[in-house]
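Undergrad: Return a 3D structure for these sequence lines:
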Amino acid sequence: MRFRRMKSLAMAWLAAASLSVMFVSAVPAGATGADATSLGTAVVPTETIYPGDIISSGQLEEVEVTNPNLTGDYAKRLHEVTGLVSKRTLLPGRTISVSALREPYAVTRGSNVRLVMNMGSMTITAAGTPLDDGAVGDSVRARNLDSGIIVNGTVLENGTIRVVAK
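TA: Predicted coordinates for the structure are as follows:
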């Protein structure tokens, strides 16, 4: 009984396969469902990029997207990816998810930075050390090296931290 059932399943599979072969052969050569039109571009690595690596344009190439099922937040242009840091391993020939990238850190935990606080026309500066890694615009905690007080601030482009008043 089990043998017959398996045999009938195999026959059904063969019938379905032959129908799909007949359908595929009915499509003219060179034609596809999407007419092979380009759906835009995608950025793919040409070599393996590891977490923490800064991505350069020499490691990337733009390719045309012809798969209509490709969805998601993948990078479409080289300038969207160049100079960013990979959070995950990126494999050659695979699209790069935007969520797998981050801005490079402007300050790193444990380094020496300058803390700046503006109050009206008065500016106070002090030596400090960040307690978190942070990119430009990130809010980080930092310790004032002179007083030991922990403050919150925003990372600036030049690597200083603008302290916010409580």
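Undergrad: if I look at Glu64, how far off is Asp146?
TA: To Asp146, Glu64 is 58 Å away according to Cβ to Cβ, to the nearest Å. Heads up, the C-betas are built off the backbone N, CA and C, glycines and all.
Undergrad: what's the helix or strand for Asp132?
TA: Asp132 belongs to no helix or strand when assigned by DSSP states H and E.
Undergrad: Pick out the residue nearest the middle of this structure.
TA: By Cα atoms, centre = their mean, the chain has its centre lying nearest to Ala100, at 2.5 Å.
Undergrad: how much space between the closest residue to it other than its chain neighbours and Asn152?
TA: Of all residues not flanking Ala100 in the chain, Arg88 sits nearest, at 4.6 Å (Cβ to Cβ, 6 or more residues apart in numbering). Between Arg88 and Asn152 the computed distance is 29 Å (Cβ to Cβ).
Undergrad: now swap in Ser56 and tell me
TA: 34 Å.
Undergrad: mind giving me the domain ranges of the protein?
TA: For the chain, automatic domain parsing gives the domain ranges 41-102, 113-163.
Undergrad: Can you list the buried residues in the longest strand seen in the chain?
TA: Counting residues, the longest strand in the chain under DSSP state E turns out to be strand 122-130. Within strand 122-130, the residues scored as buried using 16 or more other Cβ atoms under 10 Å are 126, 128-130.
Undergrad: Can you tell me which of those is nearest Arg94?
TA: Pro130 (33.9 Å; Cβ to Cβ).
Undergrad: Show me where this structure has its helices.
TA: Assigned by DSSP state H, the helices in the chain fall at 2-26.
Undergrad: By mean pLDDT, flag the weakest helix or strand of it.
TA: Of all helical and strand segments in the chain, the minimum by mean pLDDT, DSSP states H and E falls on helix 2-26, at a mean of 44.
Undergrad: Many thanks, have a good one.
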